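[1] Build the 3D model from these lines:
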Amino acid sequence: MLSSARQAGSSTVDSVDDPQGFLASWTAVGGLVTAKLAPNRTGFGVVAVNIRLRTSTNGASTAIPQTRLFKLNITAPVGAASKLTVTKHEAATATWTSVDITAQLNGNLSNIFHPEGGYLQPRPKTCSSRIGTDGYSPWTYTYGQGRRPPYPDFFSNCTGKITTPQGAKFELHATEPNNVAFVSQWENHPTSVSVLLGGSKVEAGDVVWLLVSGSTNAMQTRLSNAVIEFESVDGTTEQLLLVPPMNYWTMTPIGGQDYNYARDKFCLPAEPPPTVQLGHSNRAMVYQWRAKGAMKAVTLEAQSLEVVVGLLAVSVSRGAANQRMNPI
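    Numbers count the residues shown, from 1 in each chain. Reported below is the predicted structural model:
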């Protein structure tokens, strides 16, 4: 729901302009507008509410036209909450399939900070507030890149196969030279990676799970750092935006400072996003998406500068009602 503020009956709404189609419908009562968001719309938009503001001077009433702009930032499509809800019972009784992402693995998670040669491009050719070439040190550090994240504990809490607190089952490549599929706007990595799901026969009602671990920083807060795109066989796509701190958290504390509800509750989501601690330096995000139909592929794409996001594993769960075949 989207509402404007009422001015004690001093204004009336003439019309609402929604050129980008973010609203499914709207109604106006006096100076109050109530609207429903359109389904499958994400991103930034602007809605203009045209009102008449009534004033009185020396007993004479005058209506002054005024336009009020409402800036929208829709980070998940309407209905996404129901798609993302999988109970622990469903996860525990589901049939699980690990999707092979070996071909997409392009780096080692231990090199996400302080990579050989550093993160050099793209960077503005001028003085600016930016992340260090290590990809870890914010510009606010007193001594630049003097601090380093804790090493080398990235996978001490797991073996090849893990079960997360949410009940998700993943198969990791933790001990292999390439154990992550990195994406980034830095030239060090590709901007996106795609994983085909056809071999897993993902059908309506099945759930695609992703294990993601990566970096972010205060300068990328409330921006879409990356997007997960789910492509159906019929060509339609759905998106899940990764926006810190709402549903994407950095893998390790920055300079010893981590998310703290006692201190930061005003800007954090009501509940922490689903995570699993794979190692002291590796908090991974657990994402899930229920298929509306036969699904073809899933793509992870980096959107924000200075961020490196890594895909660690992909799995598919099939609930009891959908268990029509043996695990693949």
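[2] Now for the closest residue to Ala94 other than its chain neighbours: which residues touch it?
    Leaving aside its chain neighbours, Ala94 sits nearest to Ser317 (4.0 Å; criterion: Cβ to Cβ, 6 or more residues apart in numbering). Heads up, the C-betas are built off the backbone N, CA and C, glycines and all. Taking Cβ atoms under 8 Å, 6 or more residues apart in numbering as the criterion, Ser317 is in contact with Val86, Glu90, Ala91, Ala94, Thr95, Trp96, Thr97, Ala168, Lys169, Asp206, Val207, Trp209.
[3] Make a markdown table from the residues you listed and add secondary structure and neighbour count to it.
    Output for these, formatted as a markdown table (DSSP: H, G, I helix; E, B strand; the rest coil; neighbours: other Cβ atoms under 10 Å):
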| residue | secondary structure | neighbour count |
| --- | --- | --- |
| Val86 | coil | 20 |
| Glu90 | helix | 15 |
| Ala91 | helix | 20 |
| Ala94 | coil | 22 |
| Thr95 | strand | 17 |
| Trp96 | strand | 20 |
| Thr97 | strand | 23 |
| Ala168 | coil | 25 |
| Lys169 | strand | 18 |
| Asp206 | coil | 23 |
| Val207 | strand | 24 |
| Trp209 | strand | 25 |
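[4] Go through the residues you listed and say which is closest to Thr133.
    Trp209 (33.7 Å; Cβ to Cβ).
[5] isn't the closest one right next to Arg290, touching?
    No. Counting by Cβ atoms under 8 Å, Arg290 is not a contact partner of Trp209; they are 10.4 Å apart.
[6] that older thread, hey, what's the residue nearest to Ala94 bridged with?
    Ser317 has these beta-bridge partners by DSSP bridges: Trp96, Val207.
[7] so where's the stretch 1-150 of the chain uncertain?
    Scanning the stretch 1-150 of the chain with the threshold set as pLDDT under 70 gives 1-9, 40, 59, 75-84, 142-150.
[8] Would you map the helices across it?
    80-83, 88-93 (DSSP state H, counting those that start in this stretch).
[9] related to what we said a few turns ago, so the residue nearest to Ala94 versus Cys158, what's the distance?
    Here Ser317 is placed at a distance of 19 Å from Cys158 (Cβ to Cβ, to the nearest Å).
[10] for Trp96, what are its contacts?
    For Trp96, the contact set (Cβ under 8 Å, 6+ apart) comprises Lys169, Ser315, Val316, Ser317, Arg318, Pro327.
[11] Equivalent analysis for Ala313, please.
    For Ala313, the set of contacting residues under the criterion of Cβ under 8 Å, 6+ apart consists of Ser98, Val99, Ile101, Phe170, Glu171, Leu172, Leu210, Leu211.
[12] how close does the third one sit to Ile162?
    When Cβ to Cβ is applied, the distance between Ile101 and Ile162 equals 15 Å.
[13] Nearest to Leu120 among the contacts of Ser317?
    Using Cβ to Cβ, Trp209 is the member of the contacts of Ser317 that sits closest to Leu120, with 34.4 Å.
[14] Pull out the buried residues from stretch 113-120.
    Applying a neighbour-count criterion of 16 or more other Cβ atoms under 10 Å, the buried positions in stretch 113-120 are Phe113, His114, Pro115, Tyr119.
[15] burial count for the spatially closest residue to Leu105 that is not a sequence neighbour?
    By the measure of Cβ to Cβ, 6+ apart, the closest residue to Leu105 outside its immediate chain neighbours is Asn178, 4.0 Å from it. Neighbourhood size, Asn178 [other Cβ atoms under 10 Å]: 14.
[16] next one: Arg68
    Using other Cβ under 10 Å, Arg68 has 16 other residues around it.
[17] correct me, but it touches Val49?
    Yes. Applying Cβ under 8 Å, one finds Arg68 in contact with Val49, separated by 4.7 Å.
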